[in-house]
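Sequence plus the predicted model coming up.
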Amino acid sequence: MGEVLSQNEIDSLLAALSTGELNADEIAQKDEKQVKNYDFARPSKFSKENLRTLEFIYEHYARLLSTTLPVYLRKNVQVTVASSETVVFSEFSNALSNPVILGVINFNPLPGSIIIDFATNLGFAVIDRMLGGQGEALKKTRDFSEIEMTIIEKILILCMQLMKEPWRNVVEINPFLERIETNPQFAQIISPTDMIAIITLNIKVGDVEGLVNICLPFFTVEGIIDKLNTKSWFSSIQESSDEDYMQYVEMMLRKVEVPVKVQLGTNQITVSDFTNLQCGDIIRLNTKTDSDLEVYVGNIRKFTALPGTNNEKYAVRVTSVIREEE
C-alpha cells in the first residue's frame, strides 16, 4: 500500500503544480516501467552468464585437445574458442555444407544429443596425416570413403571422451557416439524452431585451419541450466594435485608408439658387390656371436641385449641400460 499524504502535504503539492515548480508529465514518466522487446520466434533461453560458463568449459576442452591430438597426429595442433552464440536449430542446419562431418553424440545421463560439426578440410587433413601424409587438405571437396569414415570415427570418439573432464564441474557425463552423418538433412535431432547454443572452436593442424562447431540444444541442458553460471563453476573447481598430473602425463605417454630395433652389426661393401648379391651369400659383420647387440628406441641407443629365440621366434634379452651420460 502506498504512503498516505497528510492534508498539508496535499496542499503543498497542489501549490507546486499550480506555480509550475512540478510538472505532472515528468512525474508520470518516472513511474513508467521500461519495456523490452521479446521475440517469440527466437526466445532467449540461454543467458549471457550461461554462454560465458560454456566458454569456460570449452576453453578447458580446447587445452585438452591441444595436448592430446598431437599424440595421434604427430603434428602441432592449436585449439582456441572462437565464439559462442544462440540460434534456432534451423539456422544452424541450413548453414551446413554438403558433404559435412556431423557427429551425433548421446550426452548421457542428460536427455537428447549434441552435435559436433567437424570442418571437412580438417577431416581430410587428419585423414592424410593418419595415413602417413603431411596433413594437407584436399583442394576439391568430395565424399568420404568407408575407410576414411572409420578414421574420422576414431578421432570423433577421442574428442567425445575428452569432454568428460571439462563437464565434471557441472555434471558427470558418459557420452557415446550414436552415429556420423555426412548429409545435414539426416541430423535433425530436435525441432527446427528449438534454441541451441553453439560453441565454435578454431583448430589449426599444421598449416590447415578450420572450425569445429559444438551444438548444445536447450532441451539437453535444461535440467542443469542453473549450474551453468560462473559462481557455481568456480566454486566447484578442484585443483589437481601434482600426483594426479603426473599420473595423467604417464597415461598419455603410455599411448605413444615408438619403434624399437636391434642392430646385429655393420659393415661396408662396394656398390658392385651389393648389386651382385645372391641368395646364400654371406656378409661378415663387425660383431661376434657372443657379443651384446645394441637396441635403439627411435634413433636413441638405449639398451644392450643378447640374441636368442622365444616360442620359435627371434628375440633378445636386455643385459644393460645405456644412460644419457654414457
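In hand now; what should we look at? Numbering: from 1, shown residues only.

separation between residue 51 and residue 105?
Distance, residue 51 to residue 105, by C-beta to C-beta, to the nearest Å: 20 Å. C-betas here are computed from N, CA, C, even on glycine.

Pick out whichever of these two has more residues nearby.
The neighbour comparison of residue 51 against residue 105 (other C-beta atoms under 10 Å) goes to residue 105, with 24 against 17.

contact partners of the helix or strand that contains that one?
According to DSSP states H and E, residue 105 maps onto strand 101-106. Residues from elsewhere that reach strand 101-106, judged by C-beta atoms under 8 Å, 6 or more residues apart in numbering: 96, 113-120, 123, 144, 152, 156, 159-160, 175-182, 184, 187, 189.

Now the buried members of those.
Neighbour counting by 16 or more other C-beta atoms under 10 Å classes 96, 113-120, 123, 144, 152, 156, 159-160, 175, 177, 180-182, 184, 187, 189 among those as buried.

thinking again about what came up before, got the CA positions of the strand holding residue 105 in PDB?
Taking Å, rounded to 0.1, in the frame of the first residue of the first chain, the C-alpha atoms of strand 101-106 are listed here in PDB:
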ATOM      1  CA  ILE A 101      31.100 -34.300 -40.800                       C
ATOM      2  CA  LEU A 102      28.500 -34.400 -38.100                       C
ATOM      3  CA  GLY A 103      29.000 -36.500 -35.000                       C
ATOM      4  CA  VAL A 104      25.700 -37.100 -33.200                       C
ATOM      5  CA  ILE A 105      26.600 -37.700 -29.500                       C
ATOM      6  CA  ASN A 106      24.300 -39.000 -26.800                       C
END
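
and it, how far from the chain's centre?
Relative to its chain's centre, strand 101-106 lies at 13 Å (C-alpha atoms, centre = their mean, to the nearest Å).

elements contacting whatever helix or strand comes next after it?
Following strand 101-106 in sequence order, the next helix or strand is strand 113-118 (DSSP H and E). Helices and strands touching strand 113-118, as assessed by 3 or more C-beta pairs under 8 Å, 6 or more residues apart in numbering; DSSP states H and E, comprise strand 101-106, helix 146-161, strand 208-217.

For the residue nearest to residue 164 when sequence neighbours are not counted, what are phi and psi?
Leaving aside its chain neighbours, residue 164 sits nearest to residue 173 (6.0 Å; criterion: C-beta to C-beta, 6 or more residues apart in numbering). Main-chain torsions, residue 173, degrees, to the nearest 10: phi -120, psi 150.

and what of residue 304?
Dihedral pair for residue 304: phi -120, psi 150, per degrees, to the nearest 10.

How many neighbouring residues does it have?
The number of residues packed near residue 304 is 17, by other C-beta under 10 Å.

do the same with the one 4 residues further on
Residue 308 is surrounded by 10 other residues when neighbours are defined as other C-beta under 10 Å.

Backbone torsions only: list them for it.
Backbone torsions for residue 308, taken as degrees, to the nearest 10, come to phi -180, psi -160.

where exactly do the helices run in the chain?
Counting by DSSP state H, the chain has these helices, from start to end: 7-19, 24-31, 48-73, 89-94, 120-130, 146-161, 164-167, 218-221, 230-236, 242-254, 271-275.

Would you tell me which one of those is buried the most?
Highest mean neighbour count among the helices of the chain (mean count of other C-beta atoms under 10 Å): helix 120-130, with a mean of 22.
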